[in-house]
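Trainee: this one's structure only:
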Ligand code: DSN
């Protein structure tokens, strides 16, 4: 076995990781789906659990030597159940897209109809975007936000009555408003549809008690574990006991092979962190920070899609600012602020050069930044967007941002 350290053996990879570490330490991470895990989560993720194969489930594996793996996976399941009030949890999905695909395939047949939100209105690729394999397999009918920028539940009810979907799907990756799961459930009950929520973006806000929780109400809830939930990159499916067997069979052997138990152990650690009282404070501060950004950007005449934020993110239409989402993303990168360009509802532009940017506060909040920093960051965002072609302005902002980040160190 090679017993050299990474730095000794592979200076190429080591130095790239160090550069990325510096980028994370010195920049403002505002992609709403990103976060920083704790050293304890990182330690579990980098553990010897990566060596073990364990196809199957706790107490029922295809391989020997799984007694400790079973302990790890059971802890992850128990903590997730406690965190969300779930009847059944599968912690094996490798990430959010596999979790959604496994969920569809567990309860639907090819050709079945799914009512899901349009991507440009805040939905997700796996909710029926025509570029995905699932769009060829299922009949996705896609709903949109209305002229006021919100989900119109009456319209959704009409669509459900018209299309009689097998599954009504909510949960979004760019929509910034709260969701009324009781209304969605009543719509689904009327048409005898199943309910599924993909809470990947807001799982930490639900776990922290700051947003509505669909788990007690819905048939199936999927999530990733690495966004607001602040765990390792991965997925998870929660469901009512009546779907447990189908979900488990769909994940393995239906869709995946051996689970990644090092990753599952890191999920368990993150769930334990989310069960601590201070996680509620964290979740609340994420939302307070997003609200301050909204206020400050509105003062500067920015168009906030969907009217406002009720969660951790803002989708901003830059059409009135004379800059595209791509141009803004590039300029902000140069200044040390990481965001992603994003389509806005019914965007006339293309996904690679859309009209908007999407930004969020989970990662900044993990660093300990609060209201005062958000006010300063909103001012920097505006300066960079207004002077996106002026390299010396961008360099000046970057210097100030490095100074701020040094006050909120991450892993040093
Ligand atoms: N890539 C994630 C996001 O940024 O929202 C979802 O897939």
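Mentor: It's in. From a predicted model like this one, the values you see are computed outputs, not experimental measurements.
Trainee: in the protein, which residue is closest to the centre?
Mentor: For the chain, the residue sitting closest to the mean C-alpha position, by C-alpha atoms, centre = their mean, is residue 201 at 3.2 Å.
Trainee: that one contacts residue 33, doesn't it?
Mentor: Yes - if you go by C-beta atoms under 8 Å, residue 201 and residue 33 touch, sitting 6.3 Å apart. (Each C-beta comes from the backbone N, C-alpha and C, glycine too.)
Trainee: which neighbours do these two share?
Mentor: Here residue 201 and residue 33 share the contacting residues 173, 227, scored by C-beta atoms under 8 Å, 6 or more residues apart in numbering.
Trainee: what distance do you get for the residue of the stretch 301-412 of the chain found nearest the ligand to residue 262?
Mentor: When distances are taken as C-beta to the nearest ligand atom, the stretch 301-412 of the chain reaches nearest to the ligand at residue 340, 6.7 Å away. Relative to residue 262, residue 340 is positioned 28 Å away (criterion: C-beta to C-beta, to the nearest Å).
Trainee: quick one: buried residues of stretch 94-113?
Mentor: Of the residues in stretch 94-113, those scored as buried under the neighbour-count criterion (16 or more other C-beta atoms under 10 Å) are 94-108, 112-113.
Trainee: packing partners for the longest helix along the chain?
Mentor: Among all segments of the chain classified by DSSP state H, the helix with the greatest residue count is helix 277-299. Judged by 3 or more C-beta pairs under 8 Å, 6 or more residues apart in numbering; DSSP states H and E, the packing partners of helix 277-299 are helix 203-207, strand 303-304, strand 313-317, helix 362-366, helix 371-386.
Trainee: columns mean neighbour count, distance to the ligand and mean pLDDT on top of the ones you listed, output as TSV?
Mentor: As requested, the helices and strands packed on helix 277-299 are exported to TSV (neighbours: other C-beta atoms under 10 Å; distance: least, C-beta to the nearest ligand atom, whole Å; pLDDT from 0 to 100):
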stretch	mean neighbour count	distance to the ligand	mean pLDDT
helix 203-207	27	12	98
strand 303-304	18	18	98
strand 313-317	26	9	98
helix 362-366	26	11	98
helix 371-386	18	19	98
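Trainee: I'd like the ones you listed as a markdown table, with distance to residue 350 appended.
Mentor: Written out in a markdown table, the entries for those read as follows (distance: least, C-beta to C-beta, whole Å):
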| stretch | distance to residue 350 |
| --- | --- |
| helix 203-207 | 30 |
| strand 303-304 | 19 |
| strand 313-317 | 15 |
| helix 362-366 | 27 |
| helix 371-386 | 20 |
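Trainee: what's the helix or strand for residue 142?
Mentor: If you go by DSSP states H and E, residue 142 is part of strand 139-143.
Trainee: tell me what that strand is packed against?
Mentor: Other helices and strands packing on strand 139-143, by 3+ C-beta pairs under 8 Å, 6+ apart, are strand 113-117, helix 153-163.
Trainee: number of residues surrounding the residue of the chain found nearest the ligand?
Mentor: Shortest the chain-to-the ligand distance, computed as C-beta to the nearest ligand atom: residue-wise this is residue 33, at 3.3 Å. Close neighbours of residue 33, defined as other C-beta atoms under 10 Å, add up to 20.
Trainee: surely it touches residue 227?
Mentor: Yes - proximity of residue 33 to residue 227 meets the contact threshold set by C-beta under 8 Å, at 4.8 Å.
Trainee: give me the distance between residue 342 and residue 132.
Mentor: Distance, residue 342 to residue 132, by C-beta to C-beta: 18 Å.
Trainee: of these two, who's got more company?
Mentor: Under the neighbour definition other C-beta under 10 Å, residue 342 and residue 132 were set side by side, and residue 342 has more, 27 against 19.
Trainee: which residues touch the closest residue to residue 377 other than its chain neighbours?
Mentor: Nearest residue to residue 377, sequence neighbours excluded (C-beta to C-beta, 6 or more residues apart in numbering): residue 28, at 6.3 Å. Applying C-beta under 8 Å, 6+ apart to residue 28 gives the contacts 336-338, 364, 377, 401, 404-405.
Trainee: please identify which pair of those lies farthest apart.
Mentor: The distance between the two most remote of the contacts of residue 28 (C-beta to C-beta) is 14.2 Å, for 338 and 404.
Trainee: give me the number of neighbouring residues for residue 141.
Mentor: Counted with other C-beta under 10 Å, the neighbours of residue 141 add up to 17.
Trainee: next up, phi/psi of the residue nearest to residue 377, please.
Mentor: When read as degrees, to the nearest 10, the backbone of residue 28 gives phi -100, psi 110.
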